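Novice: Sequence first, then the predicted structure, then my questions.
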Amino acid sequence: MERINYEKRTIGYVVEDAARKYGDRPFLLFRDQKISFRELNDNANRLAQGLLKLGIKKGDKVAIIMPNCPEIVYAWFGIAKMGGIEVPLNTAHRGDTLKYMINNAEAETIIVAKPFLDRVKFIEEGLEKIKRVVIFFPDPKDRKIEPPLRFETISFDKLMDNPHDPPKVEVRFSDPLSIIYTSGTTGLSKGAVNCHNAQILYAQDLIPYLTYAADDIIYSPLPLFHVNAKYFTCLEAMMVGSRYAIGEGFSATRFWDEIRKYRATAFHFLGGIPSILYKQPEKKDDADNPVRIAWGGPIPEGIYRDFEKRFNLRFNSQYFGMTETGMVIRAPYDDPHFTSCGKDTEGYDVRLLDEEGHEAPPNGIGEICVRPIRPYSLMSEYYNRPDATVDVMRNYWFHTGDLAKRDEEGYFYFVDRKKDALRRRGENISSFEIERVILSHPAVRECAVVDVPSELGGVGEGEVKAVITLKEGVPLKPDDLIAYCEPRMAYFMIPRYLDFKDSLPKTPTERVEKYKLREEGVAKNVWDREKAGYKLKR
């Protein structure tokens with residue numbers, strides 16, 4: 001793909017340029033739909049015109065709560081074209097966490113799919129700036145809004161009922177485009193602000209590494225509120241002229257059927273997906289699939305080569321990146337150092353620093369810290385969190401909170417996370433947010449949440465364990481606590497393990513010694529939600 005000069009580095013330009021180049025060639029594949037590059041551009045323009053008619057201006061924030069479907073792509077690109085700022089929200093969030101994110105972003109508009117409307121209703125009295133709600137009806141037969149919301153409501157169809165002329169709004173490469181919420185680590189989740197140029201570079205930088213071409217079909221079951229599906233799949237596919245097959249969510253039993261249905265030559269993954277697929281019963285036709293390359297991570301070293309042989313594909317899983325930075329460490333396709341993250345990506349200065357900012361020696365452990373060499377290539381700030389922004393950018397380095405070592409050849413090897421964050425099956429989770437919900441239960445006195453190793457394996461993969469002390473004389477059954485958590489947090493945040501104790505280990509300054517709770521792992525007396533047969537409602 002040709003390099004884009006700075007004045008043209010806007011999402012609107014990329015979408016229009018792809019429509020000019022590829023026209024009626026299919027781009028989005030979803031169920032039985034095939035949507036061309038031209039149709040996508042036209043639909044994004046229609047949505048942009050609809051937002052402008054509603055009085056939404058450049059710089060206004062629009063929250064999105066939608067499942068994977070073409071319409072969420074129209075919303076992303078349409079908001080970009082009219083200069084708005086999208087706030088894509090995890091569809092599993094609900095309750096206080098969802099309310100906090102919408103309020104923190106100062107969103108005035110929400111585009112929400114009907115199946116998630118009840119979550120907006122549940123928190124509507126606490127939404128401070130919302131003026132209107134646009135409702136997308138995935139099922140045309142189900143168009144009832146019951147109970148009604150206190151906000152103005154508009155149908156997604158009406159929003160799209162506009163000419164497909166490009167909006168007449170000046171948008172520049174440095175303008176903010178999105179606020180994407182990352183997991184809170186020592187507090188509430190933070191909204192990373194990325195501009196147009198950063199999103200384009202996140203995708204463009206990976207193109208030489210992934211070897212994608214116009215005849216590729218890239219499948220991803222990952223959600224389109226996540227940077228992987230947005231930048232590294234959809235946007236990247238658009239920039240090389242390939243096709244993007246939108247999966248509706250990961251299912252181990254449906255995965256390879258979907259791959260064959262779309263004739264996908266590549267797929268993207270996160271977390272424990274490779275382990276889950278590898279543990280499925282072997283079939284005679286496992287190798288009979290069209291995939292040539294699978295991109296993502298992490299992958300347990302013990303299954304890496306066996307997986308490639310069994311499913312007749314190659315992995316490209318050497319990278320390190322974040323929502324705030326893009327992929328700052330990468331290795332070329334088929335690099336022999338498959339246990340490493342790779343080397344610095346062009347355009348970034350990456351160092352391993354100690355607590356005082358000194359660089360670690362070769363093979364010494366330090367925190368991965370990043371400086372951009374190109375303008376507007378990292379996140380701009382954490383929205384409405386100047387304290388967090390200053391902290392993460394101390395000494396003019398972006399501090400990732402992740403530890404690694406670097407060998408004499410310049411290859412990085414991930415070691416562990418410094419931050420008190422958890423990771424479960426590709427989702428980053430804030431222990432603080434889980435603790436806050438559990439502590440709101442009237443029977444709970446104290447709570448500390450840690451991760452324990454997952455049987456799925458993989459670097460950074462774990463299960464959530466909550467260690468709890470109860471108020472004296474107040475009983476609480478494990479399944480009652482889980483039922484209390486379900487309407488108040490995302491399903492992937494809900495602890496698998498509950499460990500009820502008389503007290504928590506603490507330092508002299510009353511800080512919980514979480515490392516001791518991690519070291520305990522899962523003892524025999526710890527309640528296991530999965531072994532108990534408790535089924536979560538999603």
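Specialist: Sure thing, it's come through.

Novice: The nearest residue in space to Ile365 that is not next to it in sequence: which element?
Specialist: What sits nearest to Ile365 in space, not counting adjacent residues and going by CB to CB, 6 or more residues apart in numbering, is Lys405, at 5.1 Å. For glycine as for every other residue, the C-beta is placed from the backbone atoms N, C-alpha and C. Under the assignment given by DSSP states H and E, the secondary-structure element containing Lys405 is strand 398-406.

Novice: cool, Asn103 as well?
Specialist: Once you assign secondary structure using DSSP H and E, Asn103 falls within helix 95-104.

Novice: what's that helix in contact with?
Specialist: Applying CB atoms under 8 Å, 6 or more residues apart in numbering, the external contacts of helix 95-104 come out as 63, 87, 89, 93, 110, 119, 122-123, 126-130, 181, 188-189, 191, 383-385, 433, 436-437, 487-490.

Novice: Out of those, which sit inside strands?
Specialist: Per DSSP state E, strands hold the following members of these: Ala63, Val87, Ile110, Tyr181, Gly191.

Novice: For ChimeraX, write the select line for the buried members of the residues you listed.
Specialist: Taking 16 or more other CB atoms under 10 Å as the burial criterion, the selection of buried members of the ones in strands among the contacts of helix 95-104 in ChimeraX is written as:
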select :63,87,110,181,191
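
Novice: Reformat the ones in strands among the contacts of helix 95-104 as JSON lines; add distance to Glu355.
Specialist: Written out in JSON lines, the entries for the ones in strands among the contacts of helix 95-104 read as follows (distance: CB to CB, whole Å):
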{"residue": "Ala63", "distance to Glu355": "37"}
{"residue": "Val87", "distance to Glu355": "34"}
{"residue": "Ile110", "distance to Glu355": "41"}
{"residue": "Tyr181", "distance to Glu355": "27"}
{"residue": "Gly191", "distance to Glu355": "27"}
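
Novice: Determine how far the helix holding Asn103 lies from the middle of the whole chain.
Specialist: With CA atoms, centre = their mean, to the nearest Å as the basis, helix 95-104 stands 17 Å off its chain's centre.

Novice: Extract the C-alpha set from that helix and format it as PDB.
Specialist: Output in PDB follows, covering the C-alpha atoms of helix 95-104 (Å, rounded to 0.1, in the frame of the first residue of the first chain):
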ATOM      1  CA  GLY A  95     -24.400  -0.800  35.600                       C
ATOM      2  CA  ASP A  96     -22.000   1.600  37.300                       C
ATOM      3  CA  THR A  97     -19.100   0.800  34.900                       C
ATOM      4  CA  LEU A  98     -21.200   1.600  31.800                       C
ATOM      5  CA  LYS A  99     -22.500   4.700  33.400                       C
ATOM      6  CA  TYR A 100     -19.100   5.900  34.400                       C
ATOM      7  CA  MET A 101     -17.700   5.500  30.900                       C
ATOM      8  CA  ILE A 102     -20.600   7.300  29.200                       C
ATOM      9  CA  ASN A 103     -20.400  10.200  31.700                       C
ATOM     10  CA  ASN A 104     -16.600  10.400  31.700                       C
END
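
Novice: so how far is Ile273 from Asp349?
Specialist: Here Asp349 is placed at a distance of 32 Å from Ile273 (CB to CB, to the nearest Å).

Novice: Out of these two, name the residue with the larger neighbour count.
Specialist: Ile273 (24 against 12; other CB atoms under 10 Å).

Novice: Identify the residue spatially nearest to that one, adjacent ones excluded.
Specialist: Phe250 (6.0 Å).

Novice: So the one you found: helix, strand or coil?
Specialist: Under the three-state scheme (DSSP: H, G, I helix; E, B strand; the rest coil), the conformation of Phe250 reads as coil.

Novice: re the thing from before, what sits opposite the residue nearest to Ile365 in the beta ladder?
Specialist: Beta-bridge partners for Lys405, by DSSP bridges, are Ile365, Tyr413.

Novice: follow-up on the earlier one: now go through the contacts of helix 95-104 and say which are in helices.
Specialist: Among the contacts of helix 95-104, the members falling in helices are Arg119, Phe122, Ile123, Glu433, Arg436, Val437 (criterion: DSSP state H).

Novice: ok, and the closest non-adjacent residue to the first one?
Specialist: With CB to CB, 6+ apart as the measure, Arg94 is the residue that lies nearest to Arg119, at 4.7 Å, once sequence neighbours are left out.

Novice: Thank you kindly, that will do.
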